[in-house]
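Enquirer: give me the fold of what follows.
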Amino acid sequence: MRLIVFSLLTIGLIAGCTGSRNLKDNGLSYLRLGDPMPPSGIMRLKGRAVRDTMYNQESFVWRASVIRYPQGRVYVEEDFMGQGNVNRIRIQTPELRIQKQFHVGMTFADLLAANEDWDVAWLSDYQLLDVISIDHPSVHYLLRDKGKPEGYFNQEKISTSDVSSDAEIVAIVIM
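Expert: Below is the predicted model:
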């Protein structure tokens, strides 16, 4: 009996050290918005491989730590002012869930089933829809809608009825 209890405690401790698979509105269980960025050049973070990269868009340059998961990646991005704090976390793996239910790979129909009010915007630079819950405005679901012709979303106001129910979540961004 003691061996079983010891084994269960050990498994629980190991599971707790690897971090929760549930995301919060402000980030990962081990890294949140506003926290200092992981040190530059580290090779591992919470047991996962990490590499640094730099982004350059228009006049902004910022660093990101790319954390590898077996089925994808998480991009932890620095603020644009070079203060060294986490400004945005982009999840591109189905292994992590927000609100214990939503993850990359789900569809717009899955979001609609949550009975929340949703705002939809078109990100023309990325050819993606940005879907935001009014109740959780720091969480953005980026969807690719392959069911609509090119140029369909180049309108000012997008309604939820304009989006195909099978549009797929390709990333979840917390900012």
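Enquirer: least confident secondary structure element in this structure?
Expert: helix 2-17 (a mean of 37; mean pLDDT, DSSP states H and E).
Enquirer: ok, the helix or strand following that one: who's next to it in the sheet?
Expert: Remark: after helix 2-17, the chain's next helix or strand is strand 22-23, criterion DSSP states H and E. Using DSSP bridges, strand 22-23 pairs in its sheet with strand 97-98 (parallel).
Enquirer: after the partner strand, next one along is what?
Expert: Heading C-terminal from strand 97-98, the first helix or strand you meet, by DSSP H and E, is helix 108-112.
Enquirer: any residues touching the following helix or strand past that following helix, and which ones?
Expert: Next along the chain after helix 108-112, taking DSSP H and E as the criterion, comes strand 118-123. Residues from elsewhere that reach strand 118-123 (Cβ atoms under 8 Å, 6 or more residues apart in numbering): 111-112, 129-134, 142, 153-155, 158-160, 162-163. For the C-beta atoms, the positions are set from N, CA and C on the backbone; glycine is no exception.
Enquirer: over to stretch 44-62?
Expert: Contacts for stretch 44-62 (Cβ under 8 Å, 6+ apart): 17-19, 30-31, 38, 40-43, 63-69, 77-80, 82, 87.
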